[in-house]
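Enquirer: Give me coordinates for this.
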Amino acid sequence: MALRLPLRARRFLRNEDGAYSIEAALVLPTLIWCSLAMLTYVDGYRQQTMNLRTTYALSDMLSRQWNPVGPKFVDGLGRVHDHLTESDDETFLRVTVAYWDEPANEHRLVWSDATSDGPVPLNQETLSDIAGAIPTMANGDSAIIVETWMNYVPAFNVGLKPSQFYNRVVTSPRFTPQLKYDVSK
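Expert: Numbers count the residues shown, from 1 in each chain. Prediction:
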C-alpha cells in the first residue's frame with residue numbers, strides 16, 4: 001500500500017519557484033571563511049619565503065665584505081632585514097663567524113653578534129648546537145652563519161597560530177679568508 005501525500009504536499013515538492021536566499025545564507029559563511037583561510041595561509045608562506053630570501057641576501061652581502069664589521073653594522077643589517085621582509089612583526093638577526101680546526105676536529109668560534117633586541121650571540125659552547133648545520137670545510141676555512149627570526153601573527157583567526165620563522169644560511173667569504181670584526185664599527 002503506497003502512501004499518498006496530500007495534494008498541497010505534492011504541489012510543494014514539485015514547485016520550482018523561489019529564491020536562492022536560503023542557499024546563500026547557508027553557503028556564504030563557509031565561502032567567506034575559506035577565502036580568509038586561503039589568504040591567511042598564502043600570506044604565511046609569503047612571509048616565510050620573504051624571510052628566507054632576505055637571509056640569503058644578507059648572507060651574500062656579508063660574504064662580499066672587505067672591511068671588518070661591528071655592532072653598528074650588525075644592527076644596520078637588522079634594520080635592512082626588517083625593511084626587506086616588509087613585516088609588521090618583530091625580526092631578529094645573528095651573525096656568527098667560525099672556522100674548522102682539523103686537529104681538534106671541531107668548529108671554533110671567531111666572533112658572534114646579534115641585533116641589540118635579538119638573541120644572544122653564540123659562544124664556543126653554544127656553537128656546538130648548530131655545528132651540524134655547518135658544511136664540511138678544509139682545515140682553517142671559515143664560514144659566515146647568518147640566522148634570522150621573524151615573528152608572524154596571522155591576519156585572521158582561521159586556525160593558524162602565531163609562530164616564529166627561523167632561517168639559517170651558511171656562506172663562505174668570497175674575497176677575504178675570514179670576515180673580521182671590529183668593535184668600533
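
Enquirer: for this protein, what spans make up the strands?
Expert: Using DSSP state E, the strands found in the chain span residues 91-101, 106-114, 142-152, 163-171.

Enquirer: out of those, which comes closest to L3?
Expert: Between L3 and the strands of the chain, the shortest gap by Cβ to Cβ is with strand 163-171, which sits at 58.5 Å. From N, CA and C alone the C-beta is placed, and that goes for glycine too.

Enquirer: list the buried ones in that closest one?
Expert: 165, 167-171 (16 or more other Cβ atoms under 10 Å).

Enquirer: go on, stretch 155-163?
Expert: Neighbour-count burial for stretch 155-163, with 16+ other Cβ under 10 Å as criterion, is recorded at L160.

Enquirer: so how far is that stretch from its chain's centroid?
Expert: 15 Å (Cα atoms, centre = their mean, to the nearest Å).

Enquirer: What's the mean pLDDT across it?
Expert: For stretch 155-163, mean pLDDT rounds to 91.

Enquirer: Show residues contacting it.
Expert: 33, 36-37, 39-41, 43-44, 151-154 (Cβ atoms under 8 Å, 6 or more residues apart in numbering).

Enquirer: which one of the buried residues of strand 163-171 is nearest H107?
Expert: Nearest member of the buried residues of strand 163-171 to H107, counting by Cβ to Cβ, is V170, at 10.7 Å.

Enquirer: Distance of W33 relative to L109?
Expert: W33 sits 49 Å away from L109, going by Cβ to Cβ, to the nearest Å.
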